[in-house]
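Novice: got a sequence here, can you build the structure:
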Amino acid sequence: MHKEELIKLHELMSEMQDYFEDKEGDDVFDKYEELGVEPVDIHQSKSEHKHAIFVLGQEIAETMAEDDFSDRGRISERMRELAEKNADD
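Specialist: Numbers count the residues shown, from 1 in each chain. So this is what the prediction gives:
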């Protein structure tokens, strides 16, 4: 995936983050916010955006797991694995 595509995906996932923050509160995405990489940060590297996407995806999945979504545990675990793998790159 090209950097521009990753940034667009990051932007879309950030909109999901906004939805869940409105619904669940602001303290749901602490790990993602600690990274300091947002979709508007185009100066950040492709790998930093990729890692942020996986961390945000994990936290979105964890938030969804608190609701009644199917296969939620597997999604959360897979996003955690991808975030950890990407952090090593």
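Novice: isn't residue 3 up against residue 47?
Specialist: No: the pair residue 3 and residue 47 fails to qualify as a contact (C-beta atoms under 8 Å) at a distance of 9.5 Å. C-beta: built from backbone N, CA, C; applies to glycine.
Novice: center of this protein, which residue is that?
Specialist: In the chain, the residue lying closest to the centroid (C-alpha atoms, centre = their mean) is residue 56, at 1.4 Å.
Novice: which residues touch that one?
Specialist: Neighbouring residues of residue 56 by C-beta atoms under 8 Å, 6 or more residues apart in numbering: 10, 13-14, 17, 29, 32.
Novice: any idea how far it lies from residue 38?
Specialist: Distance check for residue 56 against residue 38: by C-beta to C-beta, to the nearest Å, it reads 10 Å.
Novice: need the residues touching each of the two.
Specialist: Between them, residue 56 and residue 38 share the neighbouring residues 10, 14, with contact defined by C-beta under 8 Å, 6+ apart.
Novice: any weak-confidence spans in this structure?
Specialist: When the per-residue scores of the chain are filtered using pLDDT under 70, the ranges that remain are 66-73, 89.
Novice: in stretch 9-16, what's buried?
Specialist: Applying a neighbour-count criterion of 16 or more other C-beta atoms under 10 Å, one finds 9-10, 13-14 buried in stretch 9-16.
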